[in-house]
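Participant: What shape does this take:
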Amino acid sequence: MTTATQSLFAADALLPAGWARDVLLQWDMQGRLTKVTAEAACPPGTPRAQGPLLPGLPNLHSHAFQRAFAGLTEYRGAAQDSFWSWRTLMYRFAGAIMPQQLEAIATGLYVEMLEAGYTSVCEFHYIHHDTDGTPYADDATLSQALLRAAARAGIGLTLLPVLYQTAGFGGLSPGEGQRRFIRRTDNMLRLLERLGPLCKAQGARLGLAPHSLRAVQPDSLHEAVIGLHALDTTAPIHIHIAEQTGEVEACLAWSGQRPVQWLLDHASVDARWCLVHATHMTPEECQRAARSGAVAGLCPTTEANLGDGVFDMQAWRAASGRWGVGSDSHATVNAAEELLMLEYGQRLVTHQRNLIARADQPSVATAMTLEAVAGGAQASARDIAGLAPGQQADWVVLDASDLLLQGLPTAEAMLSAHIFASHRRSAIAEVWVAGRAQVRAGRHALHDEALSGLAQARRQLLSDTP
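Facilitator: Numbering: from 1, shown residues only. Reported below is the predicted structural model:
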C-alpha cells in the first residue's frame, strides 16, 4: 500500500482490555498504530484478517547461539546430570563459534521465532571476543552479527550485552570456557556507547545484562548500573537470578543471603529490571521483588529441560507481579508451547487446573497472552504492549480455516486451542512486525535459506568442536 496510513480489519482481535469484535487497525509508515477501533465497519477495499488477531508476543530471554546444540545434550553424561553438566557442553560451542556462524544461527532462529508467534526478542548476548579471548579489532563484531540477523529476519530486538567477570561468588577467577565472555566494567560501558547509534539506526533497543551475582562483583554491578543510567535512564537491565538451588546455596555461603534477597538489598531494582528465572524465592522475596516493579522472565521449556524447578506463579501473581516468557536456550522455539508449559507446570505442582486465569479473564489462554505481552513489553523497553494506539503494529493472525480451529464457537476458543490443543503444530497464518507481514501462510520468506544457513553453521561447529 502506498498511502500514508495503512489499515487492516479483523472480525476478532485481542485488545489490552480483552476480546473485541469488528476491529479496524490503522498504522503509519513508521509502523506505529494510530487508531484501533472496535465495532467498526470495514471500509471498502480494506484487507481482512483471515482469523483472530493477537498482539505480538515478546520473547524476553534468548541466547541465540545455543539453538545450534539443541537436542545434543539429551543423554546421560554423568552420574547425575544437571544445569552444571549441561553448561560444560554449552561452553564447548561458545568457545568455537565464529561471527559468520553466529549470524547464520541467529538469522535462522529469528525466522523460527517469527513463524512461532514471537514478534520481538531480548538477546542476552555474552560471547564478545575471539576464540582465544582476545578482543576483535572492532569490539562490537559479534553484537553487530546479531543486529544484522534481526534486521534480516525482520524481528524487533532488544540487545543486552552481558557483563561477565568472575566464575563464582566471591570473585573466583574465570575458567578457560568463559574467556570469550569477560569484560571490565569500563570496557562494557564503552561498548554500549559504540552500540547505541547502531541500535537506534535500525529501531532496536539497547540495555545491559549483568550476567548473574556469581559472575559480577558487587562494586562492578553498582558501577555498571550507574554507567548505564548515565547513558540512558530508561534502558532495561536483565539478570539471571535464583535459577538453580546450587546457586542459592552458594550465594548463602558467600553473603548469608539468598540471591533475590541480596539483589533487592544492594541494588535499586525497579521497573527497568527483568529477573530472569527467579525460580527459587521465599514468600518474602517474592513479595519484595513484585513490589519493586521488576518483571519475572520465565523460560518454562528451558527451565524444564535443565531441571531448574518450577516458578511459583500463584504467589507472584497474588503479589501483582509482572511476567513474560522467553525461549532461553531454544530447546523449544514455540510461543504457544512456552505458555502451555507454564500453565502445566503450575498444575503439576498444585494438583489444580486453569490456574493462570483471573476474574475478568477466566480463559487461561487469553489471560496468559495479555499478561505475557504486557510484561514482555516492559522487559523489552519498547512500545510493543499490544494492539493500542501508540504501540508498534505487531500482531499474529491465527488461521481460522486450520483444522485445529474449525468449528470452534469463538475467537477465545481458537486461541485456547492454539495453545493447548496444537499437537506441536502451528495454527499461525501471518505475523506482522511494525506494520509489515514477515510471515504469510505460516512461513517466512527466508524460511528455507535461513534454516539451511543455521544447519550449515551447526555442521561446521560440530566438525570443529571436540
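Participant: CA atoms for contacts and neighbours, from now on please.
Facilitator: Will do.
Participant: Over to the residue lying closest to G390 once chain neighbours are set aside. Which of the three states is it?
Facilitator: Spatial nearest neighbour of G390, excluding adjacent residues (Cα to Cα, 6 or more residues apart in numbering): L33 at 5.5 Å. What DSSP: H, G, I helix; E, B strand; the rest coil gives for L33 is strand.
Participant: any idea how far P389 is from L33?
Facilitator: 5 Å (Cα to Cα, to the nearest Å).
Participant: more crowded one of those two?
Facilitator: A side-by-side neighbour count of L33 and P389, using other Cα atoms under 10 Å, places L33 first with 25 against 16.
Participant: partners of the more buried one in the sheet?
Facilitator: Note on L33: beta-bridge partners by DSSP bridges are W27.
Participant: wait, it sits on L25?
Facilitator: Yes: contact status for L33 versus L25: in contact at 7.2 Å, counting by Cα atoms under 8 Å.
Participant: Would you map out the domains in this protein?
Facilitator: Listed domain ranges for the chain are 5-55+387-448, 61-380 (source: automatic domain parsing).
Participant: pLDDT at the residue nearest to G390, what is it?
Facilitator: Looking at L33, its pLDDT reads 98.
Participant: I'd like to check which residues are in contact with it.
Facilitator: Residues near L33 by Cα atoms under 8 Å, 6 or more residues apart in numbering: L25, Q26, W27, L387, A388, P389, G390, Q391, Q392, A393.
Participant: Any regions of the protein where pLDDT drops low?
Facilitator: Within the chain, the segments meeting pLDDT under 70 span 1-3, 77-86, 465-466.
Participant: And the helices in it?
Facilitator: Along the chain, counting by DSSP state H, helices occupy 83-96, 99-115, 141-153, 185-201, 218-231, 245-255, 259-266, 283-292, 300-305, 313-318, 335-350, 364-380, 411-420, 447-464.
Participant: Among those helices, which comes closest to L8?
Facilitator: Of all those, the one in closest proximity to L8, counting by Cα to Cα, is helix 411-420 (17.2 Å).
Participant: Output the contacting helices and strands for that closest one.
Facilitator: Contact analysis of helix 411-420 by 3 or more Cα pairs under 8 Å, 6 or more residues apart in numbering; DSSP states H and E lists helix 335-350, helix 364-380 as its packing neighbours.
Participant: picking up where we left off before, who wins for proximity to Q456 among the domains of the chain?
Facilitator: Closest to Q456 of the domains of the chain is domain 61-380 (Cα to Cα; 8.5 Å).
Participant: on that earlier part again, adding distance to C42 and mean neighbour count, write the helices of the chain out as CSV.
Facilitator: Below are the helices of the chain laid out as CSV (distance: least, Cα to Cα, whole Å; neighbours: other Cα atoms under 10 Å):
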stretch, distance to C42, mean neighbour count
helix 83-96, 52, 16
helix 99-115, 28, 26
helix 141-153, 31, 21
helix 185-201, 35, 16
helix 218-231, 45, 16
helix 245-255, 55, 16
helix 259-266, 51, 18
helix 283-292, 42, 18
helix 300-305, 40, 22
helix 313-318, 38, 16
helix 335-350, 30, 19
helix 364-380, 25, 25
helix 411-420, 18, 22
helix 447-464, 33, 17
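Participant: In TSV, list those helices along with distance to S62.
Facilitator: Shown next, in TSV, are the helices of the chain (distance: least, Cα to Cα, whole Å):
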stretch	distance to S62
helix 83-96	14
helix 99-115	10
helix 141-153	11
helix 185-201	17
helix 218-231	21
helix 245-255	20
helix 259-266	21
helix 283-292	22
helix 300-305	11
helix 313-318	21
helix 335-350	13
helix 364-380	12
helix 411-420	21
helix 447-464	16
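Participant: H128: which of the ones you listed is closest?
Facilitator: helix 141-153 (6.1 Å).
Participant: can you pull the alpha-carbon coordinates of the closest one into PDB?
Facilitator: The C-alpha coordinates for helix 141-153 follow below in PDB (Å, rounded to 0.1, in the frame of the first residue of the first chain):
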ATOM      1  CA  THR A 141      31.800  -7.500  15.900                       C
ATOM      2  CA  LEU A 142      29.600 -10.200  17.500                       C
ATOM      3  CA  SER A 143      26.900  -7.700  18.600                       C
ATOM      4  CA  GLN A 144      26.700  -6.400  15.000                       C
ATOM      5  CA  ALA A 145      26.200 -10.000  13.800                       C
ATOM      6  CA  LEU A 146      23.100 -10.200  16.000                       C
ATOM      7  CA  LEU A 147      21.900  -6.800  14.800                       C
ATOM      8  CA  ARG A 148      22.200  -7.900  11.200                       C
ATOM      9  CA  ALA A 149      20.400 -11.100  11.900                       C
ATOM     10  CA  ALA A 150      17.500  -9.400  13.500                       C
ATOM     11  CA  ALA A 151      17.200  -6.800  10.700                       C
ATOM     12  CA  ARG A 152      17.300  -9.500   8.000                       C
ATOM     13  CA  ALA A 153      14.700 -11.600   9.700                       C
END
